[in-house]
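>>> Quick one, what's the 3D model for this:
(one chain, ligands or ions: 1)
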Amino acid sequence: MNTLEFAKQKLTEVGLKATQQRMVILAAVQQSKNHPSPEAVYEKVRVNNPSISLGTVYNTLDIFVEKDLIQTVLAKNGLKRYDGRLGNHNHIHCVNTNEILDFEDEELNDLVLEFLKRKKIENLDIRKFSLHIQGEKIDEKKNIKIH
Ligand SMILES: [Zn+2]
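Here you go, the predicted model:
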């Protein structure tokens, strides 16, 4: 199944009409590995779809977040970046290069879950968590498993 067909199926599953614009915007976010900003999504889709406006991209991304098709990752100054991956994972945000990278580490996840369980936070049933680690990029992929 190609990415557009996959996007069409996902849109239909959540009860959204699978218009061409929605399909290409969803596919663009899902294909992207670097957590794109709305502007980056716009730049990518307008190449083959010149009639799409930036406003449409903004609105469509908001609808997708509301429908749990994608998620928001906050970047510097509260600017939104989007993530096509919904499973539990953490992020490393390099503030000097503005890259946002997925960071998966089972040991870290186990430690956090264990910690939270021990803290017994009242009146809260923890569903998921995600760490947002900020730093300055020094050396490429130095000692950390980045996917
Ligand atoms: Zn991510």
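>>> can you give me the helices in the protein?
3-13, 20-31, 38-46, 54-66, 106-119 (DSSP state H).
>>> Could you tell me which residues of the protein lie near the ion?
83, 85, 102 (CB under 5 Å from the ion). Yep, even glycine has a C-beta here, placed from its N, CA and C like the rest.
>>> which residues touch residue 16?
22, 63, 67 (CB atoms under 8 Å, 6 or more residues apart in numbering).
>>> By neighbours, which of those wins?
Of all the contacts of residue 16, the most densely surrounded is residue 22 (20 neighbours; neighbours counted as other CB atoms under 10 Å).
>>> In contact with it, which residues?
Contacts of residue 22 by CB under 8 Å, 6+ apart are 7, 11, 16, 60.
>>> which of the residues you listed lies closest to residue 106?
residue 7 (29.8 Å; CB to CB).
>>> show me the contacts for the closest one.
For residue 7, counting by CB under 8 Å, 6+ apart, the contacting residues are 18, 22-24, 26-27, 30.
>>> and the gap between it and residue 109?
Per CB to CB, to the nearest Å, residue 7 is found 29 Å from residue 109.
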